[in-house]
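A.B. asks: missing the sequence, but the structure's below:
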């Protein structure tokens, strides 16, 4: 009988454990197992990972920090096994306790695990799914807040607002309310609505329980106040950081930010000398450079920022600052190009200035390339003015100096190869004598046995070949150097030969044709670098200087019309001078029309009607084969009604007039200009056909 009772009890217990059962006993059993087993373990793992994520986070305090730090994908990669274990633990609730009321909690932990891993897509889907199943309001609110933060990070403000409306409809606990308001402040920070972000953050910061998080938020608040020019409030918040047990790095950067606000150079220099700040000197040098820059001591700023770039994980930013410093105010453009190149190399793709650095690198590299053509050609022309004897002597001196450098380098190599390496071995203890390399007697005896059998051999591959020459390492190196010397001597003799001298002389512009070609390169490069500087780099002063140099050196340059137009754009004082000169020298120029467009804007309706009537009169002249009168009238319409809607038709009619009077070269030029200026015109197809037919007839 007792056996029967035991069997019945066992069957009832098993039936109660079924996860499909809705009976109170079964549900209680699965609730207890879910909460105090899988959920408890998963939650503990998440808290440990969350703490580690704060401890291991590397933030760039020289940039504005977000109220919520960006998700670090590298943390997810480093701790992928632990995060995988966290998700597996939480998944046990879903797999084994389906009738438990903690299913939504399990999904919430899985979503948080995916978020900390950097798996944004699946984390988003998980938080959305929580709101589609039976859940309690606390879990729903948490999922919605995490979803809200994800959309803010992605700058999907429309979706973020939709989620915000859902959050407002559910009751929030005190901690959830704090988290929601912080996220709302973050929303306004990302949208660059800084005053609202400050107000929300300032209101809620006192309710944050985590002191590490609170310390960071005070630093963020200080940065926000500083961005609004409220330095006294910024300093108050930077000083609050140390009262909340921050990390040493955060506290140090708060001190630096505070002292930078007040320009306390002496205090920052003292901080440089403290041994504990040895690894953080770059941040201090950065602040000193910023103070010097604000005080317009640009050379000092350059010196500090150059020092800050040593052993700095954010050296890309410093190279960018140095590049901008060398552009303006130092105006050393060659050095600036080098710093922009380094900035583009070292800035990570996630950095907000990455795209800007890439563009600066490309622009200034091209600037340097064009500028270098001018410098090289000018230098070659100066050298070309010397006599043949002087050039020959100059070349001989260059070759001799090169040979001396090679010989000096070889001597240094010989000295290094002949110096035997010496090692100082620490005295060994009696216990260590049993190890072969610690036992001097055993080692010496082994060396003697090796030399007796193999000879004194160099440590290299296949040292034990039978026909190996038993020579010392120094002998081999010496012999190789002697061979190198002979080779170099032979090369030198050939270098100084008459043939190589003639080849070198041929690269120097000396004949009239060579000088003309060299000047053409300078002319083209001057125009290209000026135009590029004006339109792409945007430094008007530099562009203006290059254009004036071009017009002074090459008064009959083919680029005169466009250069005058660019000077009109870059000048703030002499606009009228360049406009009048362009009108006088090139009355039919397209660039003159562009200036008219800039100054007059769109025509009124009455003016458009007048232009239409004038165009009809010009067209009747063309039909009557009065080509010269038609052309003159079109010019008059352009001058009187610039920027009209008929502009493309007028220019096309002018081209047809040149064709009518059989001025083929001007006809071709006018058609090409029309195609270039009006690529969207309905008349372009006809212009293309006329130009094609014209080219075929010429052939």
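C.D. replies: Yes, it's here. From a predicted model like this one, the values you see are computed outputs, not experimental measurements.
A.B. asks: Where does residue 645 fall, secondary structure wise?
C.D. replies: Secondary-structure assignment from DSSP states H and E places residue 645 in no helical or strand segment.
A.B. asks: does it really touch residue 608, like I thought?
C.D. replies: Yes - with contacts defined as CB atoms under 8 Å, residue 645 counts as touching residue 608 at a distance of 6.1 Å. Where C-beta positions appear, they are placed from N, C-alpha and C, glycine not excepted.
A.B. asks: Can you pull the residues that touch both of those two?
C.D. replies: For the pair residue 645 and residue 608, no residue contacts each of them under the criterion CB atoms under 8 Å, 6 or more residues apart in numbering.
A.B. asks: With adjacent residues omitted, what lies nearest to residue 253?
C.D. replies: In space, residue 253 comes closest to residue 61 once its chain neighbours are excluded; the distance is 3.9 Å by CB to CB, 6 or more residues apart in numbering.
A.B. asks: My error: substitute residue 147 in the last question.
C.D. replies: If the residues on either side of it in the chain are set aside, residue 147 comes closest to residue 127, at 4.4 Å by CB to CB, 6+ apart.
A.B. asks: ok, and what's touching the helix or strand that contains the one you found?
C.D. replies: For residue 127, the element it lies in under DSSP H and E is helix 120-130. Defining contact as CB under 8 Å, 6+ apart, one finds that helix 120-130 is touched by 71, 104, 107-108, 110-112, 114-115, 139-140, 143-144, 146-147, 150, 153-154.
A.B. asks: redo that, cut-off 6 Å
C.D. replies: Counting by CB atoms under 6 Å, 6 or more residues apart in numbering, the neighbours of helix 120-130 from elsewhere in the structure are 104, 107, 110-111, 114-115, 143, 146-147, 150.
A.B. asks: could those be laid out in a markdown table, adding distance to residue 540 and neighbour count?
C.D. replies: A markdown table is the format used below for the contacts of helix 120-130 (distance: CB to CB, whole Å; neighbours: other CB atoms under 10 Å):
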| residue | distance to residue 540 | neighbour count |
| --- | --- | --- |
| 104 | 62 | 22 |
| 107 | 59 | 22 |
| 110 | 58 | 26 |
| 111 | 53 | 27 |
| 114 | 51 | 22 |
| 115 | 48 | 22 |
| 143 | 54 | 23 |
| 146 | 50 | 21 |
| 147 | 48 | 25 |
| 150 | 44 | 21 |
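A.B. asks: By pLDDT, give me the weakest of the residues you listed.
C.D. replies: Within the set of the contacts of helix 120-130, pLDDT is lowest for residue 104 (72).
A.B. asks: Please state the backbone phi and psi of that one?
C.D. replies: Dihedral angles of residue 104 (phi, psi; degrees, to the nearest 10) stand at phi -70, psi -30.
A.B. asks: In this structure it contacts residue 139, no?
C.D. replies: Yes - A contact is recorded between residue 104 and residue 139 when judged using CB atoms under 6 Å, the distance being 4.4 Å.
A.B. asks: burial measure for residue 52, as a count.
C.D. replies: The burial metric for residue 52, expressed as a neighbour count using other CB atoms under 10 Å, is 15.
A.B. asks: Number of residues surrounding the closest residue to it other than its chain neighbours?
C.D. replies: Nearest in space to residue 52, with sequence neighbours left out and distances taken as CB to CB, 6+ apart, is residue 79 at 6.9 Å. Close neighbours of residue 79, defined as other CB under 10 Å, add up to 19.
A.B. asks: Use 25 as the first number for this chain going forward.
C.D. replies: Noted, 25 is the first residue going forward, which turns the last one into residue 103.
A.B. asks: What separation do you get for residue 103 and residue 92?
C.D. replies: Per CB to CB, to the nearest Å, residue 103 is found 19 Å from residue 92.
A.B. asks: ok, back up a step: what's the first helix or strand after the helix holding residue 151?
C.D. replies: Taking DSSP H and E, what comes next after helix 144-154 is helix 161-177.
A.B. asks: So which elements touch that following helix?
C.D. replies: Helix 161-177 is packed against helix 127-141, helix 144-154, helix 181-191, helix 198-214, with contacts defined by 3 or more CB pairs under 6 Å, 6 or more residues apart in numbering; DSSP states H and E.
A.B. asks: how far is stretch 374-383 from where the chain is centred?
C.D. replies: For stretch 374-383, the separation from the chain centroid amounts to 2 Å (computed by CA atoms, centre = their mean, to the nearest Å).
A.B. asks: Report the rounded mean pLDDT for it.
C.D. replies: Mean pLDDT, computed over stretch 374-383, is 86.
A.B. asks: same deal with stretch 357-368?
C.D. replies: Across stretch 357-368, the per-residue pLDDT values average to 88.
A.B. asks: Could you give me the buried positions within it?
C.D. replies: If you call a residue buried by 16 or more other CB atoms under 10 Å, then stretch 357-368 has these buried ones: 357, 360-368.
A.B. asks: Please convert those to CSV, extending it with secondary structure.
C.D. replies: As requested, these are arranged in CSV below (DSSP: H, G, I helix; E, B strand; the rest coil):
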residue, secondary structure
357, helix
360, helix
361, helix
362, helix
363, helix
364, helix
365, helix
366, helix
367, helix
368, helix
